[in-house]
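Novice: A structural model of the following input is requested.
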Amino acid sequence: MSELSIPGIRLGVAQAGIKYADRDDLTIIEIADGSTTAAVFTQNAFRAAPVLVAERNNANGDAKYILINSGNANAGTGAPGMASCEQSCEALAAATQTNSD
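Specialist: Residues are numbered from 1 along each chain as shown. You can find the predicted model right below:
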């Protein structure tokens, strides 16, 4: 696999056990200050909490971090999924000394 360097962007990948125990399933993207972000999201009627939270948090296009998980974009996870997603955002915010929005 080749590596691609993008100035102002840092990537991290981890195995978080979201869907499978032995696969990379979590990506963290750090975006340089002053950058603008844009995203396209699924329009499925059963969008999972991470999609809804990402839409909300990126409404201004000024995200500092993007947390991407695999395996449940169209899952309709309800209140438990939303709580888990918010907990993930809070953990990332604590680790990076930013706010969870």
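Novice: dig out what the most centrally placed residue in the chain forms beta bridges with.
Specialist: Geometric centre of the chain, nearest residue: residue 67, 2.2 Å, by CA atoms, centre = their mean. Beta-bridge pairing for residue 67 (DSSP bridges): residue 28.
Novice: can you list phi and psi of residue 39 for me?
Specialist: Main-chain torsions, residue 39, degrees, to the nearest 10: phi -150, psi 160.
Novice: now for it, how many residues are close by?
Specialist: 12 (other CB atoms under 10 Å). For glycine as for every other residue, the C-beta is placed from the backbone atoms N, C-alpha and C.
Novice: ignoring the adjacent residues along the chain, who's closest to it?
Specialist: For residue 39, ignoring the flanking residues on the chain, the nearest one in space by CB to CB, 6 or more residues apart in numbering is residue 58 at 5.4 Å.
Novice: measure the one you found to residue 33 for me?
Specialist: 16 Å (CB to CB, to the nearest Å).
Novice: so these two - more neighbours on which side?
Specialist: Counted by other CB under 10 Å, residue 58 and residue 33 do not tie: residue 58 has more neighbours, with 16 against 7.
Novice: and that one, how far is that from residue 88?
Specialist: In terms of CB to CB, residue 58 sits 15 Å off from residue 88.
Novice: likewise residue 60?
Specialist: Taking CB to CB, one finds residue 60 at 20 Å from residue 88.
Novice: more crowded one of those two?
Specialist: Remark: of residue 60 and residue 88, residue 88 carries more neighbours, 19 against 9, as counted by other CB under 10 Å.
Novice: for the more buried one, what is the enclosing helix or strand?
Specialist: Applying DSSP states H and E as the criterion places residue 88 in helix 78-96.
Novice: just checking, what packs against that helix?
Specialist: helix 49-57, strand 65-69 (3 or more CB pairs under 8 Å, 6 or more residues apart in numbering; DSSP states H and E).
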